[in-house]
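In: I need the structure of the sequence given here:
(chains A and B, ligands or ions: 2)
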2 protein chains.
Amino acid sequence: SDIKNESIIDSDPLPSWHDNKIKKDIISFVKNSVEEDSSGFIKEENRIATFDNDGTLWSEKPFYFQLFFALDRIKSLTKEEPELSNDTLVQKLLSENPKILSSLTHEDLIEIIMKTHSGMTTEEFEKIVSEWIRASKHPRFNKPFNEIIFQPMLELIDYLNDNNFKVYIVSGGGVEFMRPWVEETYGIPKEQVIGSSIKTRFGIIDQKPVLERLPEIDFINDKEGKPIAINRVIGKKPVFSAGNSDGDLQMMQWTDSNNESFILYVHHTDGKREWEYDRKSSVGRFDKALDIAKTNDWNIVDMKNDWKVIYPFKH
Amino acid sequence: SDIKNESIIDSDPLPSWHDNKIKKDIISFVKNSVEEDSSGFIKEENRIATFDNDGTLWSEKPFYFQLFFALDRIKSLTKEEPELSNDTLVQKLLSENPKILSSLTHEDLIEIIMKTHSGMTTEEFEKIVSEWIRASKHPRFNKPFNEIIFQPMLELIDYLNDNNFKVYIVSGGGVEFMRPWVEETYGIPKEQVIGSSIKTRFGIIDQKPVLERLPEIDFINDKEGKPIAINRVIGKKPVFSAGNSDGDLQMMQWTDSNNESFILYVHHTDGKREWEYDRKSSVGRFDKALDIAKTNDWNIVDMKNDWKVIYPFKH
Ligand SMILES: [Ca+2]
Ligand SMILES: [Ca+2]
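Out: Numbering: from 1, shown residues only, chains lettered A, B, ... in the order given. Ligands and ions are numbered 1, 2, ... in the order given. Reported below is the predicted structural model:
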């Protein structure tokens, strides 16, 4: 009847998703997980969901957004210390050439993070990131970076929250780079963010306790690092994981080994509205994990065909 | 009036606490923190409370309870590998002499943890701990170790939970040693436990993903480690911290530097009902922090005079 249809439309938890198989499977998984009589029932305390960030919740092109932050930091640091611009790596950064920037090696990236993310207290760093996220804009869309996020994924997070899932971000990005804006952007509290970290040192400066950020890697939250950090921080195996690249594979395998679980891979297939890339991309490579996802019959979002809208501002 | 008094008695959130200043100060702090018009109001998302475990939530004498676990592990390991008993440190442990056990050095303790807490998967370790906590008993009280807990602190945790504080354990003990029983014992979920950890390695064994526990220290969650881990895992500065020893001092200083905060030190003054120790104890030494707590006018629980009962089973 009309009334029935209307109530279904009214209560659609994922309005930006086309009514394709993957949307139906998500809704069916969530409905079963909260239904006590269902064979797929999951106790509330075990409803742990873990979401990758770059390429899963927000875009990551032309290169990781955290690298835009590092670039802006390098610019202001170079003003203070002009001799910095003699450094080859700094020169690469300052070229602002996407080809050069997206081809930086893992070691380059770590060196850049060390240069730009340390040498201040945690409180000062939080202020720097907060100011940056307010002031800076993505070159393609001329919008703040935390608006270059996926509307369908926001709906998915809300839907999981509404069903008493505890949603964590589990990202290769810096944990203290994400925390200042994730709550406002995704509705995910700071304490539900797991990321890469650099070491800190506790000290009392001018009678005030501080944590100083040191130029030393503490933990890289990527690949094997993801299940390791999930276990150390949460201590429970997720029942839902979302990601987009080979860097999420181990988190997916860990989640998949749970009794009940849902694996969601976001495949960047929309070169027009977003970007199109997978096996050969240096940022967000989805190659080995794409094969395994297919073999294991994991759920793969086809952005172009499964999502009605990509960004909230086009909503 | 009688009615008023009765309703106060009915709603006493801390019935095992004598009506002394410290109880009144706790209640006043919590009431102010949830009262929007109060100058002491704390937004719900910032109501983070961090509790030490050994000597703060459960006893720690004649030596840390985790050492009883290690001792029982050594006994069963020695049955499997008799050559283990040639080891000097193992012999010290097997003496079961409280004097020897409470005088073990930091390095000894780490070596014992390595020997007894690694070489299995995280899943196997969880099972070992769960079985141990069910089967083993404290020698003085002949009760399971997770009953040698402080009734007044259980009431305090409940009271904070009821007022939408998020209560974390922040302990020097092993995080995976605590998680199997904290939820049942304290009502604190596994993901709100921060502790010391050993490294783990992700691998696929017989097509099943596992985390293997390695004989290598990952993080010691003591002294400076406590604020460092609180910042890394929670990313918010606590507004309430409870502890009992010098090992909590940096966590207390970190918490005390917040705008609104409550610092609670448990002083073991009851040699009859529990144990009496502070400045000279090798386990749970409360010396430098006792002086600083007094200077800073932090709240110090006098167990003998502030608590009506110590353990739930004497309740
Ligand atoms: Ca990603
Ligand atoms: Ca303690």
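In: what about A:Glu44, neighbour count?
Out: 11 (other C-beta atoms under 10 Å in any protein chain shown). Just so you know, the C-beta spots here come from the backbone N, C-alpha and C atoms, and that holds for glycine as well.
In: swap that for A:Ile263, sorry
Out: 21.
In: so what's the backbone phi/psi at it?
Out: The phi/psi pair for A:Ile263 (degrees, to the nearest 10) reads phi -110, psi 130.
In: list the contacts for it?
Out: A:241, A:252, A:255-256, A:293, A:296, A:298-299 (C-beta atoms under 8 Å, 6 or more residues apart in numbering or on different chains).
In: Quick check on those: which are buried?
Out: A:241, A:252, A:255-256, A:293, A:298-299 (16 or more other C-beta atoms under 10 Å in any protein chain shown).
In: taking these one by one, which sit in helices?
Out: A:252, A:255-256, A:293 (DSSP state H).
In: Pick out the most distant pair among those residues.
Out: Farthest-apart pair in these is A:Thr255 and A:Ala293; separation 12.4 Å (C-beta to C-beta).
In: for the buried ones among the contacts of A:Ile263, which one is nearest ligand 2?
Out: Nearest to ligand 2 out of the buried ones among the contacts of A:Ile263 is A:Thr255 (C-beta to the ion; 34.9 Å).
In: can you tell me which residues contact the closest one?
Out: A:50, A:237-241, A:261, A:263 are the contacts of A:Thr255 under C-beta under 8 Å, 6+ apart.
In: measure it to A:Lys226 for me?
Out: 10 Å (C-beta to C-beta, to the nearest Å).
In: Which neighbours do the two have in common?
Out: By C-beta under 8 Å, 6+ apart, the residues touching both A:Thr255 and A:Lys226 are A:Thr50.
In: Kindly report the residues of the stretch 51-200 of chain A close to ligand 1.
Out: A:52, A:54-55 (C-beta under 5 Å from the ion).
In: Now list the buried members of those.
Out: Buried subset of these (neighbour count, 16+ other C-beta under 10 Å): A:52, A:54-55.
In: So which of those residues are in strands?
Out: Among these, none falls in strands (DSSP state E).
In: wait, which of the residues you listed is closest to chain B?
Out: For these, the minimum distance to chain B (C-beta to the nearest C-beta) is 16.2 Å, reached by A:Asp52.
In: Tell me where the model's unsure across the stretch 151-300 of chain A.
Out: Of all residues in the stretch 151-300 of chain A, none has pLDDT under 70.
In: So which residues of it form strands?
Out: With DSSP state E, counting those that start in this stretch as the criterion, the stretch 151-300 of chain A has strands at A:166-174, A:193-205, A:208-219, A:240-243, A:262-267, A:299-302.
In: what comes up buried for stretch A:305-315?
Out: A:306-307, A:310-311.
In: Tell me which two of the residues you listed sit farthest apart.
Out: So, those by C-beta to C-beta: farthest apart are A:Asp306 and A:Tyr311, at 15.2 Å.
In: How about the contacts made by the residue most central in space within chain A?
Out: The residue lying closest to the centre of chain A (C-alpha atoms, centre = their mean) is A:Asn53, at 0.4 Å. Each residue near A:Asn53 by C-beta under 8 Å, 6+ apart is listed here: A:169, A:171, A:173, A:178, A:195.
In: Ok, which of the strands of the stretch 151-300 of chain A comes nearest A:Asn46?
Out: With C-beta to C-beta as the yardstick, what comes closest out of these is strand A:166-174 (9.5 Å).
In: Can you give the strand pairings for the closest one, parallel or anti for each?
Out: strand A:48-51 (parallel), strand A:193-205 (parallel) (DSSP bridges).
In: Redo these as TSV? Include mean neighbour count.
Out: TSV is the format used below for the strands paired with strand A:166-174 (neighbours: other C-beta atoms under 10 Å in any protein chain shown):
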stretch	mean neighbour count
strand A:48-51	26
strand A:193-205	19
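In: Make JSON lines from those strands and add distance to A:Thr78 to it.
Out: Below are these laid out as JSON lines (distance: least, C-beta to C-beta, whole Å):
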{"stretch": "strand A:48-51", "distance to A:Thr78": "35"}
{"stretch": "strand A:193-205", "distance to A:Thr78": "21"}
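In: looking at those strands, which is closest to ligand 2?
Out: strand A:193-205 (17.8 Å).
In: now the angle from the closest one to strand A:208-219?
Out: 140 degrees (axes from the mean of the first three to the mean of the last three C-alpha atoms, to 10 degrees).
In: Just give me how far strand A:193-205 sits from the chain centre.
Out: 20 Å (C-alpha atoms, centre = their mean, to the nearest Å).
In: ditto for stretch A:274-287
Out: 15 Å.
In: Quote the end-to-end distance of that stretch.
Out: 19 Å (C-alpha to C-alpha, to the nearest Å).
In: For A:Ile100, give me its contacts.
Out: A:Lys92.
In: And it, what's its pLDDT?
Out: pLDDT recorded at A:Ile100 is 89.
In: Could you verify that it is part of a helix?
Out: Yes: applying DSSP: H, G, I helix; E, B strand; the rest coil, one finds A:Ile100 inside a helix.
In: Quick check, A:Asn46 in contact with A:Lys236.
Out: Yes: applying C-beta atoms under 8 Å as the test, A:Asn46 and A:Lys236 come out as touching, 6.3 Å apart.
In: thinking again about what came up before, just send the buried residues of stretch A:305-315 back as JSON lines, with secondary structure, distance to A:Leu156 and pLDDT too.
Out: JSON lines is the format used below for the buried residues of stretch A:305-315 (DSSP: H, G, I helix; E, B strand; the rest coil; distance: C-beta to C-beta, whole Å; pLDDT from 0 to 100):
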{"residue": "A:Asp306", "secondary structure": "helix", "distance to A:Leu156": "12", "pLDDT": "98"}
{"residue": "A:Trp307", "secondary structure": "strand", "distance to A:Leu156": "11", "pLDDT": "98"}
{"residue": "A:Ile310", "secondary structure": "coil", "distance to A:Leu156": "14", "pLDDT": "98"}
{"residue": "A:Tyr311", "secondary structure": "coil", "distance to A:Leu156": "15", "pLDDT": "98"}
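In: Columns distance to A:Lys288 on top of the residues you listed, output as a markdown table?
Out: Below are the buried residues of stretch A:305-315 laid out as a markdown table (distance: C-beta to C-beta, whole Å):
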| residue | distance to A:Lys288 |
| --- | --- |
| A:Asp306 | 22 |
| A:Trp307 | 24 |
| A:Ile310 | 26 |
| A:Tyr311 | 29 |
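In: now those residues in TSV, with distance to ligand 1?
Out: Converted to TSV, the buried residues of stretch A:305-315 look like this (distance: C-beta to the ion, whole Å):
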residue	distance to ligand 1
A:Asp306	18
A:Trp307	17
A:Ile310	16
A:Tyr311	17
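In: in the stretch 1-150 of chain A, which spans are helices?
Out: A:2-10, A:21-34, A:65-80, A:88-94, A:98-102, A:106-117, A:122-135 (DSSP state H, counting those that start in this stretch).
In: Least reliable of these by average pLDDT, please.
Out: helix A:2-10 (a mean of 49).
In: thinking again about what came up before, the helices of the stretch 1-150 of chain A: which one's closest to ligand 2?
Out: Across those, closest to ligand 2 is helix A:122-135 (C-beta to the ion), at 24.8 Å.
In: Summarise which helices and strands that closest one is packed against.
Out: Helix A:122-135 is packed against helix A:65-80, helix A:175-186, strand A:208-219, with contacts defined by 3 or more C-beta pairs under 8 Å, 6 or more residues apart in numbering or on different chains; DSSP states H and E.
In: who's in contact with that helix?
Out: Under C-beta under 8 Å, 6+ apart, the answer for helix A:122-135 is A:69, A:72-73, A:117, A:120, A:144-146, A:176-177, A:179-181, A:200, A:210-213, B:231.
In: which ones are touching the residue in the stretch 51-200 of chain A positioned nearest to chain B?
Out: Nearest residue of the stretch 51-200 of chain A to chain B, counting by C-beta to the nearest C-beta: A:Lys190, 4.1 Å away. Residues in contact with A:Lys190 (C-beta under 8 Å, 6+ apart) are A:179, A:182-183, B:234-236.
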